[in-house]
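**Q** Predicted model follows, preceded by the sequence.
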Amino acid sequence: MIKTETRYAIDPATAKTLDTDQLRDHFHVAGLFTPGEINVVYSHYDRLILGSAVPNGSPLTLDHVEATGTQSFLERREMAVLNIGDTGTVSVDSTSHTIENGEVLYIGMGAGPVEFSGAGRYYLLSAPAHHTYPTTLIKIADARRVEMGSKEAANERVIIQLLHPDVCKSCQLLVGYTQFAEGSVWNTMPAHTHDRRMEAYLYFGMPEDARVFHLMGEPSQTRHIVMANEEAVISPPWSIHAGAGTSSYTFCWAMAGDNVDFTDMDMIAMGDLR
């Protein structure tokens, strides 16, 4: 079973007028990881698709999705699969890949149907592609690790870059995740925007009663969305994307847009935030 939802792009002036429920309707994504289902959310920001696949004793196949307007989901798209569950198997073009927790499978354009099985909880990210790159399993040992922050600033963390030009080629997808040391709760602060790329966050690895206050909006008009475990949020190119949690957590970040330069950011001075 494949469930599909569409989220339309809106401008920052409109976003200023939204109340809490309306803000969540446009940007917050809940209920992704439903046993026995594939869920797909089609965003009009750079046509990024985010979703999930959770086999429940039976394999799940991702192939035709009406929202893409193509016969096969990957006909004109690339995809990254992050496993946030136990060991599972993803089969692509007659080849099976065993994916451990924290690993990413990059799947190139034109690969055909994708089958998910095993005990994995698969987070899916897909963007339009213009070139075919090889399907590649990216293990944690292959990732580029960047340690940042400090205990004093409550933001001691490691950025694990998996789908990144230094690790694996892609057309426009960048994917990785950030893990926090115990006692650190602030992410992506000082804040930034990148007008040339949109972004999506998945918050996970959180206790059920924990929450992250995700900050978004223009620097002069910040808003917040309260996030629970395994919930995602869509970040427009014009918006900051930062947050603070009630406990340590992990978040997956994914970007799509004009380039794959991870450092292409427009930094926001702390004094300019409102």
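**A** That came through fine. Numbering: from 1, shown residues only.
**Q** This structure: helices as residue ranges?
**A** Counting by DSSP state H, residue ranges of the helices within the chain are 12-15, 20-27.
**Q** and of these, who's closest to residue 45?
**A** helix 20-27 (9.8 Å; C-beta to C-beta). In this view, the C-beta of every residue, glycine as well, is placed from N, C-alpha and C.
**Q** The closest one - contacts with which helices or strands?
**A** The criterion is 3 or more C-beta pairs under 8 Å, 6 or more residues apart in numbering; DSSP states H and E, and the helices and strands that helix 20-27 contacts are strand 223-227, strand 231-235.
**Q** Identify, out of the helices of the chain, the most deeply packed stretch.
**A** Stretch with highest mean neighbour count among these: helix 20-27 (a mean of 15; mean count of other C-beta atoms under 10 Å).
**Q** If I take it and strand 223-227, what angle do their directions form?
**A** Angle, helix 20-27 to strand 223-227, by axes from the mean of the first three to the mean of the last three C-alpha atoms, to 10 degrees: 80 degrees.
**Q** Would you mark the buried spots in stretch 92-104?
**A** Neighbour-count burial for stretch 92-104 flags 92, 97, 99, 102-104 (criterion: 16 or more other C-beta atoms under 10 Å).
**Q** which among the residues you listed gets closest to residue 196?
**A** With C-beta to C-beta as the yardstick, the closest approach to residue 196 among the buried residues of stretch 92-104 comes from residue 104, at 22.9 Å.
**Q** Now do the strands in the stretch 1-150 of the chain.
**A** In the stretch 1-150 of the chain, the strands defined using DSSP state E, counting those that start in this stretch lie at 2-7, 28-29, 37-43, 49-54, 60-62, 77-83, 88-92, 95-99, 104-107, 114-118, 122-128, 136-138, 144-148.
**Q** what's the closest of these to residue 22?
**A** strand 28-29 (10.4 Å).
**Q** Next, the residues that contact that closest one from outside, please.
**A** Under the contact criterion C-beta atoms under 8 Å, 6 or more residues apart in numbering, strand 28-29 has outside partners 7, 41, 50, 225, 227, 231-234.
**Q** Quick one: the residues you listed as a markdown table, columns for distance to residue 255, pLDDT and neighbour count too.
**A** Below are the contacts of strand 28-29 laid out as a markdown table (distance: C-beta to C-beta, whole Å; pLDDT from 0 to 100; neighbours: other C-beta atoms under 10 Å):
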| residue | distance to residue 255 | pLDDT | neighbour count |
| --- | --- | --- | --- |
| 7 | 16 | 97 | 18 |
| 41 | 16 | 98 | 21 |
| 50 | 12 | 98 | 25 |
| 225 | 19 | 98 | 19 |
| 227 | 18 | 98 | 26 |
| 231 | 19 | 98 | 23 |
| 232 | 14 | 98 | 25 |
| 233 | 14 | 98 | 24 |
| 234 | 12 | 98 | 23 |
